[in-house]
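**Student:** Model the structure of this input:
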Amino acid sequence: MDGQQDHSQELADAKLVASEQSLLRRIEHHILRRVASGFLVLVPVLVTFLILALGFREVDRIFRPLVKDTLLNVTGIGVAVFLLMLYIVGSFFSGKRSQAWQDAILSRIPVVRTIYGVARQATEGLTSATGQHFSRVVMVQWPRHGVHAMGFVTGHYDHVDEEGGTMVAVYIPTVPNPTSGMLAFFSEDDIVETSVTVQDAMKMIFSGGVVLPKLPERRKLWANLRAREKLTP
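**Tutor:** Numbers count the residues shown, from 1 in each chain. Model (predicted):
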C-alpha cells in the first residue's frame, strides 16, 4: 500500500514538474516572440532616424562655415543654407538648356566625364525607378522556357513578329537594383498579365522577393502560365 502511494506521489510530482516546465517554455516563447516583434518594428524606424541624423549632421558641418562669422551661426543653419542652394539651382538651372550646357562641358573633361557620367546615370535611374515609364507589370518566360520572370512593359516595337503581331518591349530588372536589367521583346501572346502594381513590383525587387504583395488573381495567373507551357512545343 505504501509502495502504491509512493508511486502515485512520484507521478504527481513528475506531472507537476512537467507542467511547470511547460509553463516556463510558454512564457519564454511568449517573451522571445514579443521581443522579436518589437525588434522588427523598431529597427526600420531607428535606421531611418540614424540615417537622417547622420545626413543632417554632415550637411550642417559642410555648409555651416558659410555663415561662421555671422549671427546665423547656429546648429542647423547649414542644412537651411543647403536647401536654399537647392532651391536656387532648381529654379534657375534645371531647364533643358542649362542641362545641355552642363553635359556638354563636363562630358569633355578627362576623368571628370567618367565620374559625371556615372553620377548622372545613377540620378536618372533613381528618378525612373518609381515606375513612371512603366505601363504595366507582366510575367514572361525568361531566361529560358519554364522559368518565369517579372517584367515591366515599356512600349511597343514597330517590328512585327512571325505571326504578324507587334512586338512588346519588356524591361526585366535585376534584384535588388531595378536601375539595371535586360530589355527583351516578346509577342503579345507570350506575355501574361498580372494584377501587381508598379509600386508593389518595386517592393518585391528591392527586397529580393522577401516582401510579396497579395495577389488576388494568382491562381488565374499561374493557370494561364501552365496552359501556355502545355501549348508551347
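
**Student:** any idea how far residue 119 is from residue 107?
**Tutor:** Separation of residue 119 from residue 107 (CB to CB, to the nearest Å): 12 Å. In this view, the C-beta of every residue, glycine as well, is placed from N, C-alpha and C.

**Student:** Kindly apply the preceding question to residue 33 instead.
**Tutor:** 56 Å.

**Student:** Over to residue 52?
**Tutor:** Per CB to CB, residue 52 is found 33 Å from residue 107.

**Student:** Same drill for the two, tell me which one is more crowded.
**Tutor:** More crowded of residue 52 and residue 107, by other CB atoms under 10 Å: residue 107, with 13 against 10.

**Student:** Might you report the residue contacts of the more buried one?
**Tutor:** Shown in contact with residue 107 (CB atoms under 8 Å, 6 or more residues apart in numbering): 113, 116, 117.

**Student:** rerun at 10 Å
**Tutor:** Residues near residue 107 by CB atoms under 10 Å, 6 or more residues apart in numbering: 113, 114, 116, 117, 120.

**Student:** list the helices and strands the lengthiest helix in the chain packs on?
**Tutor:** What stands out as the longest helix in the chain, according to DSSP state H, is helix 2-63. When contacts are defined as 3 or more CB pairs under 10 Å, 6 or more residues apart in numbering; DSSP states H and E, helix 2-63 packs onto helix 77-92.

**Student:** Could I get the contacting residues of the residue most central in space within the chain?
**Tutor:** Nearest residue to the geometric centre of the chain (CA atoms, centre = their mean): residue 206, 2.4 Å. Residue 206 makes contacts with 129, 173, 175, 176, 177, 178, as judged by CB under 10 Å, 6+ apart.
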